[in-house]
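In: A structural model of the following input is requested.
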Amino acid sequence: MINILKKFYLQNYLKIVSIFIAVIFWSIADSTYNGRIYKTFSVDITIENMDVLRNNNYILENELEIKAEKALVIVRMGALDLDEFSRSSDNMKAILDLEPLVNKFDPNDEGKDMNVYLDIKLPEPYGQEIVQNYPSLTTSVRLGKYVEGVIKDIGLGYSAPVEAGYEPVSETIEPKTVTINGPKSYVDNIAKVVVNPKTEGITEDTSEECPIIVYDAENKDITAYLELYPSSAVVNISVNKQFDLEINNPTYIGSAAEGYVVKEVSFEPRSITVLGSEKDLGGLKDIELETIDITGATETITKEFKLADYIDNENIQIMYSSAKEVEVTIVIERLKEREISLPVSRLNIINPENESYSTQIGTIDNQIVFTVLGVESLVDAIDESKITIDLDLSELGPGSHDVPIKISMPESINVIRVPGPINVLISEMAETQEGTGQ
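Out: The predicted model follows:
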């Protein structure tokens with residue numbers, strides 16, 4: 001029996017395949033020759049009975065995502081009806097009815113995604129029908145608990161973008177709080193509520209109404225999922241101009257103890273930055289610090305002054321980044337004498353400008369000895385190799401001259417004792433030659 005069936009199958013295999021292919025072509029031909037075609041339409045999803053959710057203290061958490069979706073509906077119709085149907089396809093609807101869902105909703109499914117059937121409504125009939133390529137057209141729905149009356153403080157997302165050279169001194173928000181309604185899952189995850197001023201280059205006091213923005217713990221903007229009352233707040237911005245206020249050189253009175261002297265006076269900072277209105281800043285003057293008494297001092301004096309004490313306008317503030325005090329240092333050191341001896345070879349003779357003159361230098365000691373006076377640290381630091389000793393004859397004419405020695409020393413070092421003048425005889429070279437001929 002099996003052999004008979006096998007023989008029958010082998011003999012009729014090609015006939016069976018031919019019949020199967022013919023059926024497929026017949027189906028295609030039938031849909032074409034009978035004038036039936038398929039067309040896919042993209043349809044917006046319409047949500048109905050949202051109020052039923054609210055009445056039961058629920059909310060559609062993914063409402064925005066659903067409204068952004070499109071239901072793809074495949075319709076089969078007569079070819080002659082296609083044009084007319086396409087013109088009325090705007091009336092096609094994909095309806096998500098929430099009422100049946102609420103009636104059978106299990107609270108344990110709160111926050112979970114559920115597939116819900118869409119009810120497809122076609123426009124006036126043109127002999128069309130929906131092709132069920134899938135078991136049904138569905139969308140994903142997520143219901144959550146609806147909470148209301150949650151109050152949150154409003155903060156500033158960032159400081160107002162003021163013009164360079166200005167600084168915001170106060171930024172207030174009205175109102176200070178916002179009432180929030182919405183899905184519990186979103187409300188519980190609120191991290192901050194802020195407003196962000198947008199005005200650029202602020203140079204004067206201003207007010208700006210800004211939308212309130214809500215962020216979750218991941219810094220994601222979730223404002224669109226919530227109801228805010230109010231939805232905006234007014235930011236009041238008060239600005240002041242920056243101004244660099246100079247500090248004058250400190251002064252002192254009196255004299256240090258005998259044998260001591262002021263080496264230098266230094267202070268830091270030399271200026272500060274203050275904030276104030278144009279009007280208040282216009283009346284400012286440079287800071288003049290209190291005079292320091294150094295009478296009888298034998299060591300360095302350091303004194304600090306609070307700069308706020310020298311600004312008599314309470315509307316002017318010292319900028320937070322500026323120093324609040326100035327430190328004055330008066331360096332006082334002991335005076336010291338030092339005798340220096342240099343070889344006569346270090347004497348630099350500057351000859352007369354007139355090249356016809358001859359010079360004859362009188363007797364000079366082998367060593368040039370002189371005494372200097374100055375503060376101890378500077379005197380001890382003198383580098384003898386850099387001292388210059390000049391005998392300047394450049395402006396002298398013929399004759400005998402007693403010329404003083406000029407010694408150049410670093411600033412703040414005084415030469416207090418020097419050798420006496422050197423006798424120099426200047427004569428004209430031509431007259432000397434005539435005298436020799438006689």
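In: CA only for contacts and neighbour counts going forward, please
Out: Noted.
In: Check what pLDDT I416 gets.
Out: If you check I416, the pLDDT there is 93.
In: what's the neighbour count on it?
Out: For I416, the count of nearby residues is 13 (other C-alpha atoms under 10 Å).
In: Cross-check the contact I'm expecting between it and V369.
Out: No. With contacts counted by C-alpha atoms under 8 Å, I416 stays clear of V369, the gap being 11.5 Å.
In: what's the burial count for G144?
Out: The tally of other residues near G144 (other C-alpha under 10 Å) stands at 22.
In: The helix or strand hosting it: what's the following helix or strand?
Out: For G144, the element it lies in under DSSP states H and E is strand 138-153. As assigned by DSSP H and E, the chain's next helix or strand after strand 138-153 is strand 155-156.
In: which residues make contact with that next one from outside it?
Out: Here strand 155-156 makes contact (C-alpha atoms under 8 Å, 6 or more residues apart in numbering) with I173, K176, K192, V193, V194, V195, N196.
In: partners of that strand, with directions?
Out: Under the criterion DSSP bridges, strand 155-156 sits next to strand 190-195 (parallel) in its sheet.
In: and after the partner strand, which helix or strand comes next?
Out: Using DSSP H and E, the helix or strand that follows strand 190-195 in sequence is strand 206-211.
In: same for that next one, what does it pack against?
Out: Here strand 206-211 touches strand 232-246, going by 3 or more C-alpha pairs under 8 Å, 6 or more residues apart in numbering; DSSP states H and E.
In: Packing partners of the strand it packs on?
Out: Counting contacts by 3+ C-alpha pairs under 8 Å, 6+ apart, strand 232-246 packs against strand 166-174, strand 190-195, strand 206-211, strand 271-276, helix 278-282.
In: quick one: contacts of it?
Out: 160, 162, 165-175, 195, 197, 202-212, 270-278, 281, 285-287, 319.
In: still on that earlier bit, neighbouring strands for the strand holding G144, and are they parallel or not?
Out: Strand pairing for strand 138-153, determined by DSSP bridges: strand 58-60 (antiparallel), strand 113-117 (antiparallel), strand 177-183 (antiparallel).
In: Which segments of the protein make up each domain?
Out: Following the assignment in automatic domain parsing, the chain carries domains at 1-30, 35-147, 154-240, 243-334, 336-437.
In: How about stretch 101-117, which residues are buried there?
Out: In terms of neighbour count (16 or more other C-alpha atoms under 10 Å), stretch 101-117 has its buried residues at L101, V102, E110, G111, V116, Y117.
In: cool, and stretch 349-364?
Out: Using 16+ other C-alpha under 10 Å as the test for burial, stretch 349-364 gives N351, P352, Y357, S358, T359.
In: start to end distance for that stretch?
Out: Counting by C-alpha to C-alpha, to the nearest Å, you get 13 Å between the two ends of stretch 349-364.
In: any idea how far that stretch is from the chain center?
Out: Distance of stretch 349-364 from the chain centroid (C-alpha atoms, centre = their mean, to the nearest Å) equals 71 Å.
In: what's the answer for stretch 201-221, then?
Out: 17 Å.
In: any idea which helix or strand comes after the strand or helix carrying I332?
Out: Element membership for I332, per DSSP H and E: strand 325-343. The helix or strand immediately downstream of strand 325-343 is strand 347-350, counting by DSSP H and E.
In: next helix or strand past that next one?
Out: Scanning forward in sequence from strand 347-350 by DSSP H and E, the next helix or strand is strand 357-361.
In: name the helices or strands packed onto that next one?
Out: In terms of contacts (3+ C-alpha pairs under 8 Å, 6+ apart), strand 357-361 is packed against strand 422-428.
In: residues in contact with the strand it packs on?
Out: Here strand 422-428 makes contact (C-alpha under 8 Å, 6+ apart) with 356-364, 397-405.
In: how many other residues sit next to the residue lying closest to S207 once chain neighbours are set aside?
Out: Nearest residue to S207, sequence neighbours excluded (C-alpha to C-alpha, 6 or more residues apart in numbering): N236, at 4.4 Å. For N236, the count of nearby residues is 18 (other C-alpha under 10 Å).
In: cool, G201 as well?
Out: When counting by other C-alpha under 10 Å, one arrives at 12 neighbours for G201.
In: The residue nearest to it when sequence neighbours are not counted: what's it in contact with?
Out: Nearest non-adjacent residue to G201, counting by C-alpha to C-alpha, 6+ apart: E163, 4.0 Å away. E163 makes contact with E200, G201, I202, T203, according to C-alpha under 8 Å, 6+ apart.
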